[in-house]
Each structure stands twice: as C-alpha cells, then as structure tokens.
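Peer 1: Output the structure for:
(chains A, B, C and D)
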2 protein chains.
Amino acid sequence: MNRNIKITIIEDDETIRNGYAYLIGATEGYEVVSTYCSYDEASKKIASDRPDVILLDIELPGTNGIDAIPKLKKLLPQSFILILTVYESEKLIFNALANGASGYLTKNTPSAKIIESIKEVKDGGGPMSINIAKLVIRSFQKNQESPLSKRETQILELIGEGKSRSQIAKDLFIDLETVRSHIKNIYVKLDVNSRADAIKMAKQNKLI
Amino acid sequence: MNRNIKITIIEDDETIRNGYAYLIGATEGYEVVSTYCSYDEASKKIASDRPDVILLDIELPGTNGIDAIPKLKKLLPQSFILILTVYESEKLIFNALANGASGYLTKNTPSAKIIESIKEVKDGGGPMSINIAKLVIRSFQKNQESPLSKRETQILELIGEGKSRSQIAKDLFIDLETVRSHIKNIYVKLDVNSRADAIKMAKQNKLI
DNA sequence: ATGGAATCACCCTAAAAGGGTGATTTTTTT
DNA sequence: AAAAAAATCACCCTTTTAGGGTGATTCCAT
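Peer 2: Numbering: from 1, shown residues only, chains lettered A, B, ... in the order given. Just a heads-up that it's a prediction; the model follows:
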C-alpha cells in the first residue's frame, strides 16, 4: 500500500478549516498533518510538516495567499500548492498560477472533487474548477473579428516581440518600406501612434 | 424536461466516429445530429444541423482541425467546439484554444468524462483533460529562480509592452539614466544586446 | 470592377537605442 | 559589522529607429 498523502491546510476561517480537516482526514489514504490560520503562523513550522499538498486560501490575515505561494515554494520546493478560495477574479487566478500554484478550486467545489483534486495535484496534474477553466481558456482565445489583416496581425506580433522594422523586414522577407506601410495601417486601424499603444490596444482586444 | 443536447462529430476514423456516436447517442439527454469524416465535408451541411456542441478531431484529411475551428465558429457562432484528440503538443493546444475551442480532451479520456464535458461545455464551462490542464497551468507559471531582480523584471515587462526608456522612467518615477542602467544590467545578465533578444530570452525562460 | 490587401518609394525630423565608464546610496545577506 | 547585491543617477559618444506625409503598383476576392 502507498503511504498516505500528507496535507497541510492554511485557512483563516476556523469552521471551514476544521471542516476540510475532518473531511480530508476521514478519507482513506489522506492525512492532514497540520492546519494553520495564516501564512505567517505556518511559516515557522510548516517545513517540518513536509506536506505533499498545501491547501491555501487567498484571503488571509497578514501575508495574503498570493504572496505566500512563492514563499511556501521556497520553504517546500517539493510540495504542491492547491488554491481553495471563493475568489474568481482573473487577476488573482493568473497571479496564483504564475507564482507557482498547481491548481485552483473555488469553495463551492463538491468535497469529492476536492479530494480527487488533491490526488491529481500530487500526481502532477493541474486541477481547476469548471468556471476557473473557463476563464483560463477564455484568456487564450483571440478576438475572431480583428480589424487587422493577417499580415498586419503578424507584424503586430513581431512588434510585440520587441523587433525593429528592419528585423521584421528580414523575418518576413519583405522590404523595410513595406513593413512601415503595414505599421502605419495598423496605427490607423487601432487609432494609436506608437508601438507601445498599439501593443496595449492589441492585448486589450486580444488581437495578438 | 430540457431539450436534448445536440452534438455533431467530426472525426475521420470511422470506428472511433461510430463509437462516439453510439456512446453519446445512447445517453439520456444527448443526441448526435450528424457525423462527418472531415471539415470539408461537414462545411456544406453542418449549418443546418445546428449542433450545440461539435466534437472535433485535430488530424483530419483536407482542412485540419485547428484551421477548421475559426471556420466552424463563423458558420455556427453559437456552437461550442470541444477538441477530442490524441495530440498533447503545447502548440496545438494553445492554437486550438486561441482559435476558439472551448475545451480540449485527449482520447484516453473515459467516456463518462466525455459525456460530462459535453454538458459542461454547453453550460459555458471549459473542460480539459488532466494532462492538458497541467500544460496550461505550467504555461502560466513563471520561473522561480530568475537571475533578474524585481526592478529589472518590472522594467523588462515594460519593455515587453513596447515602452521606451523615457516612458518607463515616467511610469516608475525614476530617472531616464536609471532605466538605462537597469536595462544594461538586464542585457548583461541575459547575455543579449537588444530589446528583442531580451524579450525572447525572457519568454523562453518564463522570466516575464 | 471595386476595394482591400500587400507590396515598395522617397521626403523629412526628433527620438531612441546601445556601448562605455563611472559614482552614490540603500537594502539585503552573510 | 562587513560584504554583496540592488537601485539610483551622470555624462561621454554614434548609429539606428520611429513616426508623419504622400504617393504608386500589383494581386486577389467579392
């Protein structure tokens, strides 16, 4: 038999914390090794707990959950962090993932799914709530009705990579003046007059 | 009672196609309205099928699945597209999602999960296979051991937004020369000597 | 056949980039 | 407390780039 999955819970609400602890601890193969009500409290002792998975809330007293992620990762590089929160803001989700979280669940997630997600994350998966997955997928999706032509989009992408006109010309095997011409058209269509503004516009409208 | 979820399957392998069709059609609340072996064949008639969800393979004769996505979206803006394929390449996944797919499943997905995902996607969710979710999450994660300092990372991000030195100076309330100094240090650390190369390096190593 | 898309040309000026070589001060780490 | 790293600013220099204006030509699809 495999050893138990060791779990630490960091969550400020006592009722929720105890609820999860009970729920998970009662499941065969799962073991709650510690619970804390804040990162600041957890940081002192968590290293010796050696959890496989850390369930982390975002809203915490003192260091918030997002900022806690890289610190936890530093203390416990082998542990996986699973965010469990009520927040569905795009910014929070992306920051959490960028900082090193391995999964993101919302608190309305049924307990069976939470249990399953802990296992998934421990096995290197990346569990997400349905609505989170939707946001993540949407973040990838480009605007289907771009005012820009294919060539213009392509050039705008190269501008987004910081390339100069002449570099772009070389990359696309076209003349420098042609690149200029395209950029001018892009500026007119996007109603901007600088690279920075064009990139900003393009990202806002998911053109690139 | 709600009306059935109407599904169209586009898949070139006859055995697989019929297998899915049978499987899904036999499920209460699901109805396979049409099946096609290629996009080119589907394009003629699919508009009148009005499916809620299109199950789409990537590897297809003629127009491939990725290129078919925007075309299908144009024909049927209300339909959701769920990719069902063996491919797990990062590029394919991101292109599929960028082009407008609402979910991405691999073919080893158990049939119950496929059925569930169809419902999810129809309800506006974004289902993904476990391994796909992992790739997607990893794509968000930044390198935890960046050689760059916080300030340098911040400035590199602004460079990535196409901003000039002077714009960056204004944004950060520091002197133009200080920005220069940081950029020089960034170039040394990344071993590059242009904005474009710095951005390329940074993206390759997920520094920004 | 009309219009968008893609291509190229030449006018111009101001701004920006990049290399070199410093210094000072704060902050962090040891 | 000492050393290292980070953040700040200064002035030298030349070449490249950006952006505005105002054209033209060719190709392709509706």
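Peer 1: First-to-last residue distance for stretch A:122-142?
Peer 2: 32 Å (Cα to Cα, to the nearest Å).
Peer 1: just how off-centre is the longest helix seen in chain A within its chain?
Peer 2: Assignment by DSSP state H gives helix A:176-190 as the longest helix of chain A. Distance of helix A:176-190 from the chain centroid (Cα atoms, centre = their mean, to the nearest Å) equals 34 Å.
Peer 1: Show me which parts of that helix are buried, residue by residue.
Peer 2: Neighbour counts over helix A:176-190 (16 or more other Cβ atoms under 10 Å in any protein chain shown) mark A:179, A:182, A:183, A:186, A:187, A:189, A:190 as buried. The C-beta positions use only the backbone N, C-alpha and C, and glycine is treated the same way.
Peer 1: Go through stretch A:126-133 and flag the buried ones.
Peer 2: A:126, A:127, A:128, A:129, A:130, A:132, A:133.
Peer 1: Most widely separated two among the residues you listed?
Peer 2: A:126 and A:130 (13.9 Å; Cβ to Cβ).
Peer 1: quick one, what contacts the residue of chain A found nearest DNA strand D?
Peer 2: As assessed by Cβ to the nearest atom of the strand, DNA strand D sits closest to residue A:193 within chain A, at 2.7 Å. Contacts for residue A:193 (Cβ atoms under 8 Å, 6 or more residues apart in numbering or on different chains) come out as residue A:187.
Peer 1: any idea how far it is from residue A:163?
Peer 2: 19 Å (Cβ to Cβ, to the nearest Å).
Peer 1: Spatially nearest residue to residue A:118, not counting backbone neighbours?
Peer 2: Once flanking residues are discounted, residue A:118 sits nearest to residue A:53: 5.2 Å by Cβ to Cβ, 6 or more residues apart in numbering or on different chains.
Peer 1: Now do the one you found: how many residues are near it, please.
Peer 2: 24 (other Cβ atoms under 10 Å in any protein chain shown).
Peer 1: So it sits against residue A:121, correct?
Peer 2: Yes. In this structure, residue A:53 is within contact of residue A:121 by Cβ atoms under 8 Å, at 5.6 Å.
Peer 1: and the host helix or strand of residue A:84 with chain B, contact?
Peer 2: Per DSSP states H and E: residue A:84 is located in strand A:80-85. No. Counting by Cβ under 8 Å from any Cβ of the partner chain, chain B has no neighbours in strand A:80-85; the shortest distance is 10.8 Å.
Peer 1: send the alpha carbons of that strand over as PDB?
Peer 2: This file holds the C-alpha atoms of strand A:80-85, laid out as PDB (Å, rounded to 0.1, in the frame of the first residue of the first chain):
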ATOM      1  CA  PHE A  80       2.300  21.300  -4.400                       C
ATOM      2  CA  ILE A  81       0.000  24.200  -3.700                       C
ATOM      3  CA  LEU A  82      -3.700  24.000  -4.400                       C
ATOM      4  CA  ILE A  83      -5.600  27.200  -4.000                       C
ATOM      5  CA  LEU A  84      -9.000  26.900  -2.500                       C
ATOM      6  CA  THR A  85     -10.900  30.100  -2.400                       C
END
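Peer 1: which of the buried residues of helix A:176-190 are close to chain B?
Peer 2: Applying Cβ under 8 Å from any Cβ to the buried residues of helix A:176-190, none is adjacent to chain B.
Peer 1: so where is chain A shaky, pLDDT-wise?
Peer 2: A:1 (pLDDT under 70).
Peer 1: who's in contact with the helix or strand hosting residue A:105?
Peer 2: If you go by DSSP H and E, residue A:105 is part of strand A:103-106. Residues outside strand A:103-106 that contact it (Cβ under 8 Å, 6+ apart) are A:80-88, A:93, A:96-97, A:113-114, A:117, A:120-121, A:125-129, A:131-132, B:137.
Peer 1: Those residues in helices, which ones?
Peer 2: Going by DSSP H, the helices hold A:93, A:96, A:97, A:113, A:114, A:117, A:120, A:121, A:131, A:132, B:137 from these.
Peer 1: before we move on, back to that, mind picking the one among the buried residues of stretch A:126-133 that's closest to residue B:148?
Peer 2: residue A:126 (26.1 Å).
Peer 1: check contacts around residue A:180.
Peer 2: Contacts of residue A:180 by Cβ under 8 Å, 6+ apart are residue A:165.
Peer 1: wait, is residue A:7 part of a strand?
Peer 2: Yes. With DSSP: H, G, I helix; E, B strand; the rest coil as the criterion, residue A:7 is located in a strand.
Peer 1: was I right about it contacting residue A:29?
Peer 2: No. Using Cβ under 8 Å, residue A:7 makes no contact with residue A:29, being 10.8 Å away.
Peer 1: Looking only at neighbour counts, state which of those two leads.
Peer 2: Taking other Cβ under 10 Å, residue A:7 and residue A:29 do not tie; residue A:7 has more neighbours (26 against 12).
Peer 1: Using the record's assignment, carve chain A into domains.
Peer 2: When chain A is parsed with automatic domain parsing, its domains come out as A:5-140, A:150-204.
Peer 1: can you give me the end-to-end distance of the first one?
Peer 2: Domain A:5-140 has an end-to-end distance of 33 Å (Cα to Cα).
Peer 1: any idea how far the residue most central in space within chain A is from chain B?
Peer 2: The residue lying closest to the centre of chain A (Cα atoms, centre = their mean) is residue A:97, at 2.6 Å. As judged by Cβ to the nearest Cβ, to the nearest Å, residue A:97 and chain B stand 4 Å apart.
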